[in-house]
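# from the sequence below, what's the structure:
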Amino acid sequence: MSIDSSGPAPLPPLVEPAAELSREEVERYSRHLIIPDVGMAGQKRLKNARVLVIGAGGLGSPALLYLAAAGVGTIGIVEFDEVDMSNLQRQVIHGRSDVGRPKAESARDSIREINENVDVRLHEFRLEPDNAVELFSEYDLILDGTDNFATRYLVNDAAVLAHKPYVWGSIFRFEGQASVFWEDAPDGRGLNYRDLYPEAPPPGMVPSCAEGGVLGVLCASIGAIMATEAIKLITGIGESLLGRLMIYDALEMSYRTITLRRDPAREPITGLIDYEAFCGVVSDEGQQAAAGSTITATELRDLIDSGTPIELVDVREPVEWDIVRVPGAVLIPKDRILSGEALAELPQNRQIVLYCKTGIRSAEALAAIKRAGFADAVHVQGGVISWARQVDPSLPVY
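Residues are numbered from 1 along each chain as shown. Next up is the predicted model:
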């Protein structure tokens, strides 16, 4: 990759114009219509466009709201989750009264409040290899606001097979990224996500937003960029982020753009695969260590109540420890265990029990501890979240 210095030619409009705008639509979109680059033709293209948004979460929320306000005629939402309290810090399409509701339905209702003319189509299921290509073929453009590598690779490969462009965004703590991928782009400019990330990072290397956190307002910045790129592709105006990666640092308040080029060694995408296995949420070694060495939160409670001598180790980060912890635990972050630095702190005369937030990091730490000779060590399935939900509901979850 190298620093971008020249702008490519605009792409042709992705969508043909609709037949007409109503009198009410002219009034609604008047601030668009008086922009020469958009005008009546551009607004008619937006009206005729079909955009599929993957996820109604942090990035999907602002993108959906602004696409609806902009007059995109058909918006599809792929979302099977429910709204919970922790979503409200950043997922502005949902409100307090939506907690416990399906996110897709909550998002649809918010869109209708903004623009009742939008045809909102809900796809309340998990995106899978057996449904992605067929679903994508129903739309002109895809927006991917998901937060895990398995789904990102699935979206990419399905978009390639369905011959659709898509806008991608990613957020973590104070940094966001955005780009446009389109394998079939004109003039030989085709790129896809595998040109940026040929392989998924090793399991546990890149924490999710649920593990590492995200500044809520960052979602607005990156989600708005994604919606902007969608509008540019639909109407054929400006220079898209195709072939460029935009990186935003909220703490520095800086944007930089990196040129992306096609990986000459990349194999063509001819079909979909098992993306969970490809990305390996938990490493093979972690899975092997956890096999037969996993206990539930209630089994941990019984172990503690029985008076059995154990060393309960929390492998999360200090900021997570400050939020909630299992009584009697000691904090030893996972990285100190994986590096070997903390192994000498573990007692040899009692069983080691590890936990994290959900059980992924503790499985990786368990593999390192077993390698060091702690053969009877175990970890807690579901981590401190399961403890709070199954053993002590008075504790907060995050």
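# drop to CA atoms for contacts and neighbour counts, all remaining ones
Noted.
# remind me which helix or strand G286 belongs to.
helix 284-290 (DSSP states H and E).
# residues contacting that helix, please?
363-367, 370, 378-379 (CA atoms under 8 Å, 6 or more residues apart in numbering).
# buried only: go through those for me.
Buried positions within the contacts of helix 284-290, assessed by neighbour count (16 or more other CA atoms under 10 Å), are 363-367, 378-379.
# redo those residues as TSV? Include distance to L241, pLDDT and secondary structure.
Output for these, formatted as TSV (distance: CA to CA, whole Å; pLDDT from 0 to 100; DSSP: H, G, I helix; E, B strand; the rest coil):
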residue	distance to L241	pLDDT	secondary structure
A363	38	94	helix
E364	37	92	helix
A365	39	96	helix
L366	42	96	helix
A367	41	95	helix
V378	47	97	strand
H379	44	97	strand
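# got the contact list for the nearest residue to L395 once chain neighbours are set aside?
Across the structure, with CA to CA, 6 or more residues apart in numbering as the measure, the residue nearest L395 apart from its sequence neighbours is A388 (5.4 Å). With contact set as CA under 8 Å, 6+ apart, A388 has these partners: 394-397.
# please report how far A388 lies from N117.
Taking CA to CA, to the nearest Å as the criterion, A388 is separated from N117 by 44 Å.
# can you tell me the centre-most residue of this protein?
Taking CA atoms, centre = their mean as the criterion, D147 is the residue nearest the geometric centre of the chain, at 1.5 Å.
# that one: what secondary structure?
coil (DSSP: H, G, I helix; E, B strand; the rest coil).
# pLDDT score assigned to it?
Per-residue confidence at D147 stands at 89 (pLDDT).
# which ones are touching it?
With contacts taken as CA under 8 Å, 6+ apart, D147 has the following neighbours: 170-171, 208-209.
# which positions in stretch 70-85 come out as buried?
70-84.
# what is the end-to-end distance of that stretch?
One end of stretch 70-85 sits 29 Å from the other (CA to CA).
# quick revisit: could you flag which of the contacts of A388 are buried?
V397.
# closest to R31 out of the contacts of A388?
When those are compared for distance to R31 (CA to CA), V397 comes out closest, at 44.0 Å.
# and that closest one, how far from N148?
On the measure of CA to CA, V397 and N148 end up 21 Å apart.
# then G188?
From G188 across to N148, the span is 29 Å (CA to CA).
# of those two, which one has the most company?
When G188 and N148 are compared on other CA atoms under 10 Å, the one with more neighbours turns out to be N148, at 16 against 8.
# what's whichever helix in the chain runs longest in contact with?
With residue count as the measure and DSSP state H as the assignment, the chain has helix 218-235 as its longest helix. Contacts with helix 218-235, where a contact means CA under 8 Å, 6+ apart, come from 11-15, 38, 42-43, 45-46, 49, 58-64, 66-67, 90, 141, 143, 167-171, 174-180, 238-241, 250.
# of the residues you listed, which belong to strands?
Assignment to strands by DSSP state E places the following of these there: 141, 143, 167-171, 175-180.
# closest to L245 out of these?
Taking CA to CA as the measure, L245 sits nearest to S179 out of these, at 5.0 Å.
# against Q288, how distant is the residue nearest to the centre of the chain?
Taking CA to CA as the measure, D147 falls 26 Å from Q288.
# likewise I360?
Counting by CA to CA, the gap from I360 to Q288 is 13 Å.
# more neighbours, the two?
The neighbour count for I360 versus Q288, taken as other CA under 10 Å, is higher for I360 (24 against 15).
# shaky segments in the protein?
The chain contains residues with pLDDT under 70 at 1-8, 203-206, 280-281.
# picking that back up, just give me the closest of the contacts of A388 to V155.
Here the nearest of these to V155, counting by CA to CA, is V397; it sits at 30.1 Å.
# how about the contacts made by that closest one?
V397 makes contact with 324, 385, 388 under the criterion CA under 8 Å, 6+ apart.
# tell me the secondary structure for it?
Going by three-state DSSP, the secondary structure assigned to V397 is coil.
# what's the distance between it and D274?
According to CA to CA, V397 and D274 sit 31 Å apart.
# ditto for I225
For I225, the distance to D274 - CA to CA - is 30 Å.
# and these two? which has more neighbours close in?
For I225 versus D274, neighbours defined as other CA under 10 Å are more numerous around I225 (23 against 12).
# the domain parsing of the chain - what is it?
Structural domains assigned to the chain are 2-279, 284-390, following automatic domain parsing.
# what about the last one, start to end distance?
Spelled out, that is domain 284-390. The first-to-last residue distance of domain 284-390 comes to 28 Å (CA to CA).
# list just the nearest of the contacts of V397 to R262.
The nearest one, if we look at the contacts of V397 relative to R262 and count by CA to CA, is I385, at 41.9 Å.
# so that closest one, which state does it fall into?
Assigned with three-state DSSP, I385 falls in the helix class.
# so it makes contact with T358?
Yes - under the criterion of CA atoms under 8 Å, I385 lies in contact with T358, with a separation of 6.3 Å.
# got the phi and psi for S240?
Recorded main-chain torsions at S240 are phi -80, psi 170, according to degrees, to the nearest 10.
# need the contact list for it.
When the contact criterion is CA under 8 Å, 6+ apart, the partners of S240 are 10-11, 180, 229, 232-233.
# emit the PyMOL select command for whichever of the residues you listed are buried.
Restricted to the buried members of those, where burial is judged by 16+ other CA under 10 Å, the PyMOL selection command reads as follows:
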select buried, resi 11+180+229+232+233
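# of all the contacts of S240, which two lie farthest apart?
Using CA to CA, the contacts of S240 span at most 13.2 Å, a distance reached by P10 and V180.
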